[in-house]
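In: make a model of this:
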Amino acid sequence: MTTDLLIFALGESRSFGDSVGRALGVLPSEHEERDFEDGEHKARPLVNVRDQDVFVIHSLYGEPGRSVNDKLCRLLFFLATIQDAGARRVTAVAPYLCYSRKDSRTKTRDPVTTRYVAALFEAVGVDRVVTLDVHNPAAYQNAFRCRTELLEARSILVGRLRDHLKEGPVSVVSPDVGGVKRADRFREALARSVEADVASAFMYKRRSEGVVTGEVLVGRVEEGTAVIIDDLVSTGTTMRRAAQACRDAGAREVIAVATHGLFLEESAGVVEDPAIDRFLVTNTVPPFRLDPDLVRRKVEIVDATPRVAEAIQRMHEGGSVAELNEA
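Out: Okay, here's the model as predicted:
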């Protein structure tokens, strides 16, 4: 057991943190979280963190009783507390990082919220921020002045997907033009895994004021399995449109794959849609908004904690996270 590595897992991320700790052989350290009657709160470590290498795990998704902003504030305050207590290095591990989709101005005077969140992490003195797949990796990396690490779930999703593929051709589909590079990297990894050719396709669509006015599927998916890949599923409408286009083009099976399954309230109908045979997501966000029976029937959760644990071990020992992503 490494003596100068400490991990903490806040609030609803305790279960995720426990799994990371088991993989590391380092149990999460004890801490106190306390809410006050006026809505304020505090959190503090119950162990000595001086001169330690500290990793704080908190997945920043909203849920009943805990908004995204509430979780972000709690994480920032705890990171600052750890820093004030003399930790040698403080790393924020947010398996799902809030506001990472708002990384550019799409309208006049729009906020660039990703950059503002980065400034908050920097303001509390964090040394490094770690997350799993984001919508725009370059925007995430450029938003921060402190060090960042971007973990990729591609290999663990490919490993699980391989077990579900049936005989016949396979195509990896990007649901929009912006995701083509992500889909192509996924296609290459899947092709290496199954030791066979994997085709590619993408959806081209015109969008204005959030409304899609035209779309077409570019590529071949007929008589095979279409794997639609994206960084997250929120309402699911993007996945549904891509899935229906694949069915209309002759796909026999459609599997939707994403790192983060937000599954907002209106997504239940999309998950039920027969156009999609199965959803494959990781456990960065638990599917608490969906009926458990629906989850059992159509959603498969892939455990991302071993990957996070390996990344923490490599960062602690000075190893390469980039090599882990390529594994």
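
In: off-centre distance for stretch 285-303?
Out: Per Cα atoms, centre = their mean, to the nearest Å, the displacement of stretch 285-303 from the mean C-alpha position of its chain is 15 Å.

In: do the same with stretch 141-153
Out: For stretch 141-153, the distance to the chain centre is 13 Å (Cα atoms, centre = their mean).

In: one more: stretch 67-79?
Out: With Cα atoms, centre = their mean, you get 18 Å for stretch 67-79.

In: can you start the count at 292 instead of 1 from here on
Out: From this message on, residue numbering opens at 292, which makes the last subject stretch 358-370.

In: can you mark which positions in that stretch are buried?
Out: Asp361, Lys362, Leu363, Arg365, Leu366, Leu367, Phe368, Phe369, Leu370 (16 or more other Cβ atoms under 10 Å). Using the backbone N, CA and C atoms, a C-beta is placed for each residue, glycine as well.

In: now do stretch 540-558
Out: In stretch 540-558, the ones that count as buried by 16+ other Cβ under 10 Å are 540, 542-554, 558.

In: cool, stretch 340-359 as well?
Out: Neighbour-count burial for stretch 340-359 [16+ other Cβ under 10 Å]: Val340, Gln343, Asp344, Val345, Phe346, Val347, Ile348, His349, Ser350, Leu351, Tyr352, Gly353.

In: hmm, back to that, max pairwise distance over the buried residues of stretch 540-558: which two?
Out: Arg543 and Leu553 (28.1 Å; Cβ to Cβ).

In: quick revisit: of the buried residues of stretch 540-558, which is the nearest to Ala492?
Out: Nearest member of these to Ala492, counting by Cβ to Cβ, is Ala540, at 8.2 Å.

In: show me what contacts that closest one?
Out: Leu508, Arg511, Val512, Glu513 (Cβ atoms under 8 Å, 6 or more residues apart in numbering).

In: for Ile298, state which of those residues is nearest.
Out: Val512 (42.8 Å).

In: quick one: what helix or strand has that closest one in it?
Out: Under DSSP states H and E, no helix or strand contains Val512.
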